[in-house]
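[1] Just the structure for this:
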Amino acid sequence: MTFPTVTFAGAVLALDIGGTHITAASVNASGLGSQVRLPVNGEASAPEILDTWAEAALLGAGQTPVAAVGVSVPGPFDYAGGTAHFEHKLHALTGLNISAALRKRWIGTPLDGLPISYLNDAVAFALGEFTVRQGRGVHRLLGLTLGTGLGSGFIVDGHPGTAEEGVSSGGEVWQLPFRGGVAEDFTCAPALRRAYQALSGEDLDARQIAQLAETGDDRARQVYQDLGRDLAAALSPCVQAFRPDLIVLGGQVSRAWAHFEMPLRAGLRPFKVACSSLLDEANLLGAAALYRPMLGLSPPLDAR
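    Now for the predicted structure:
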């Protein structure tokens, strides 16, 4: 499916939706405008969540005239139709058409009637990374988001890659078979939590474990080293098939990059691996790139 083509120059409103926040900013050919980030209660009612999203969008647009809205959003989600199928956080929205709900809240505002398109958040991250690296000889990019799960985006010359280009099934790596389970079982924040608890008996989250690793805690450092090795081993088959010019890591777990960089690089050699400096900004850039003609860039993207 191809997203709407917008042929005039202008700005796009980019939204990055997570289970606990929404970030909004206008984007033009020069880059990101000022960002607005609002907290979201993922267990709230549908009207409360949608009101917060609509408010963030209006604040993010500010006084900048925008001509379309691009949204980075996690799955499960009908990206072509705009309907949510969330299973955990934000579950109050499941079955709702998000486009219709937002348009209703934007009647009489500068966002009234604007086209809205959606992109998987991991694909948006990868696409945003691609937009800032494409001038450096990067044609094939694999973006990975390490957080509560393992997300992935395969980008080939500005478009989501296809199976014919070596992309794993559905463009996803979380479900790759690994050590009697799947890759995500060993390579996300909950996996770090389980591994550290097995070593220490303490139930800490990934951020707390990273803080201990910074202070020299051997058990914390061990679980991050294991994460790097497991991630490399789990990804190796799909990386060999896709042969990216660059693999870029984002997500909350990537903030502890220094503690698992070495085993990950070693396990994926000779492919180049980097940690994102953009982080959440990449999602906004990727969401805006749904309307690349408007930004004076290249043709619109195909959905995944």
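
[2] my guess is G60 meets A11, correct?
    No: using C-beta atoms under 8 Å, G60 is not in contact with A11; the gap is 10.8 Å. All C-beta atoms are positioned from the backbone trio N, CA, C, and that covers glycine.

[3] So for those two, which residue has more residues nearby?
    Taking other C-beta atoms under 10 Å, G60 and A11 do not tie; G60 has more neighbours (28 against 22).

[4] State the three-state secondary structure for that one.
    What DSSP: H, G, I helix; E, B strand; the rest coil gives for G60 is helix.

[5] Distance-wise, check it relative to V253.
    Relative to V253, G60 is positioned 26 Å away (C-beta to C-beta, to the nearest Å).

[6] Which is the succeeding secondary structure element to the helix or strand where A24 lies?
    A24 belongs to strand 21-28 when assigned by DSSP states H and E. Per DSSP H and E, the first helix or strand lying C-terminal to strand 21-28 is strand 31-32.

[7] any idea of the mean pLDDT for that next one?
    Per-region confidence: strand 31-32 scores 85 on mean pLDDT.

[8] Sheet-wise, list the partners of it with their directions.
    strand 21-28 (antiparallel) (DSSP bridges).

[9] still on that earlier bit, for the strand holding A24, buried residues please.
    By neighbour count with 16 or more other C-beta atoms under 10 Å, strand 21-28 contains the buried residues 22-28.

[10] repeat for stretch 100-108
    Across stretch 100-108, burial judged by 16+ other C-beta under 10 Å covers 101-103, 105-106.

[11] swap in stretch 257-275?
    For stretch 257-275, the neighbour count (16+ other C-beta under 10 Å) marks 257, 259-261, 263-265, 267-268, 271, 273, 275 as buried.

[12] Sort out for me which of those are in strands.
    Of these, the ones assigned to strands by DSSP state E are 273, 275.

[13] which pair in the buried residues of stretch 257-275 spans the largest distance?
    Largest separation among the buried residues of stretch 257-275 by C-beta to C-beta: H259 and F271, giving 20.3 Å.
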